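Visitor: got a predicted structure plus its sequence, pasted below:
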Amino acid sequence: MASLTHVQEELMKVNVTKWIEIKKQMKALTTKAKELKTALTIIEKDIILTMKSNDIPQIQLSAGQLQLKVKESKKTLPPKWFKGEIDKCIASQSEDDIRESLNTIISKIDNRPSTVKDSLVFKS
């Protein structure tokens, strides 16, 4: 710190000290947030299991309402899959073969596997 004035040097030391302290606090808070998220996940799974097994779609609380939401989503279809199916379709020679290939593709799209995910939603 040879090129800094005495005041600049002192200010730099104070700022570096503050910076280090803030970084330490942020690390501690990040660790605490991870712990809280893990605890929340465990409790959420327990609540969802209880609500599902007892057929409870919602719980009325003084602060609001806790709802069990069930979301079904279809498996995504990668571009590579589409390309392969289109290539098969194009390789067909007759109009009927192409029509049948397209209907097969549509059927595969409509009947692809789906996953169900349960989640909790709190509405105040």
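Guide: Perfect, I can see it now.

Visitor: quick one: low-confidence parts of this structure?
Guide: Along the chain, segments meeting pLDDT under 70 span 1-2.

Visitor: could you point out the longest helix of it?
Guide: Under DSSP state H, the helix in the chain containing the largest number of residues is helix 6-53.

Visitor: quick check: closest non-adjacent residue to Ile59.
Guide: Leu66 (4.5 Å; Cβ to Cβ, 6 or more residues apart in numbering). For every residue, glycine as well, the C-beta is placed using N, CA and C.

Visitor: show me what contacts that neighbour?
Guide: 47, 58-59, 120-122 (Cβ atoms under 8 Å, 6 or more residues apart in numbering).

Visitor: quick one, which of the residues you listed are buried?
Guide: Buried subset of the contacts of Leu66 (neighbour count, 16 or more other Cβ atoms under 10 Å): 47, 120.

Visitor: let me have the contacts of Leu66 in JSON lines, extended by distance to Ala28 and secondary structure.
Guide: JSON lines is the format used below for the contacts of Leu66 (distance: Cβ to Cβ, whole Å; DSSP: H, G, I helix; E, B strand; the rest coil):
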{"residue": "Ile47", "distance to Ala28": "28", "secondary structure": "helix"}
{"residue": "Gln58", "distance to Ala28": "37", "secondary structure": "strand"}
{"residue": "Ile59", "distance to Ala28": "34", "secondary structure": "strand"}
{"residue": "Leu120", "distance to Ala28": "28", "secondary structure": "strand"}
{"residue": "Val121", "distance to Ala28": "30", "secondary structure": "strand"}
{"residue": "Phe122", "distance to Ala28": "27", "secondary structure": "strand"}
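
Visitor: this completes my enquiry, with thanks.
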